[in-house]
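Participant: Here is my input, please return the structure:
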Amino acid sequence: MEQRKKVAIIVAGGSGSRMQSAIPKQFLELAGKPVLYHTIAAFADAFPDMKIVLVLPEAHFATAEQVLSHFAVRPDITLVKGGETRFHSVRNGLQLAGNQAVVFVHDGVRPLVSTALIRRCYEAALTHGSAIPVTDMKDSIREITIAGNRAVDRDKYKIIQTPQTFLSEIILPAFDLPYDPLFTDEATVAEHMGHFVHLVEGDEANIKITRPLDLVIAAALLAER
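Facilitator: Below is the predicted model:
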């Protein structure tokens, strides 16, 4: 299988509003280190030649440097100023991706992403051009309609995770598009360019830290590893 350079765009722009915390959620403590430390470490550990681009508000640069001080050996990481939306933040990060790369775009507040998932996304992107990790829906879901609501078949739906992973020749031109509010993630941007997005099996433990309960769950999952 061909080898390509690997670039992880980690987007860490959250404010912490749903956590009822003055500290942005990516900097909250998880198992003795900031949430963002665990996220960065996962990518640094997945491939020895991983280049990491951390996109966050300029006001958080100093705090991010404190996070990086936890590493015995600083990973290959560059800090980039975020934009007004996720789309603009990712676009800023992609400017450092370069050509002939596999590009991972990951939420800074998904600290439990596994080496296995990162490698699975890399290999699938080489074969299919993209790799979007998904998990099955376990709950029953209902659609809100004009008339009220109705049950829908959950087997027709998937829960989307990150890292959303692409060959650079697919994702870089896609982010030259003008911003559209319908661009909720990188997959929707690639689709807008006419690309089919390939789904891969995600990981139940790859949770997103958005509420206080998520930190409790993440700490329990980390303790099991």
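
Participant: ranges for the strands of the protein?
Facilitator: For the chain, the strands defined by DSSP state E occupy 5-11, 29-30, 33-34, 50-56, 77-81, 101-107, 130-136, 141-145, 148-152, 158-160, 164-167, 199-201.

Participant: Of those strands, flag the one that's most buried.
Facilitator: strand 164-167 (a mean of 27; mean count of other CB atoms under 10 Å). Where you see a C-beta, it was placed from the backbone N, CA and C, and this is true even at glycine.

Participant: Can you give the strand pairings for that one, parallel or anti for each?
Facilitator: If you go by DSSP bridges, strand 164-167 pairs up with strand 101-107 (antiparallel), strand 130-136 (antiparallel).

Participant: mind giving me CSV with these and columns for mean pLDDT and distance to Asn92?
Facilitator: Below are those laid out as CSV (pLDDT from 0 to 100; distance: least, CB to CB, whole Å):
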stretch, mean pLDDT, distance to Asn92
strand 101-107, 98, 12
strand 130-136, 98, 21
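
Participant: So which of those is nearest Pro163?
Facilitator: Closest approach to Pro163 among those (CB to CB): strand 101-107, 3.8 Å.

Participant: what angle do that closest one and strand 5-11 make?
Facilitator: Relative orientation of strand 101-107 and strand 5-11, computed by axes from the mean of the first three to the mean of the last three CA atoms, to 10 degrees: 20 degrees.

Participant: Redo the strands of the chain as TSV? Include distance to Arg120.
Facilitator: As requested, the strands of the chain are exported to TSV (distance: least, CB to CB, whole Å):
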stretch	distance to Arg120
strand 5-11	13
strand 29-30	24
strand 33-34	25
strand 50-56	15
strand 77-81	23
strand 101-107	11
strand 130-136	7
strand 141-145	26
strand 148-152	29
strand 158-160	15
strand 164-167	9
strand 199-201	6
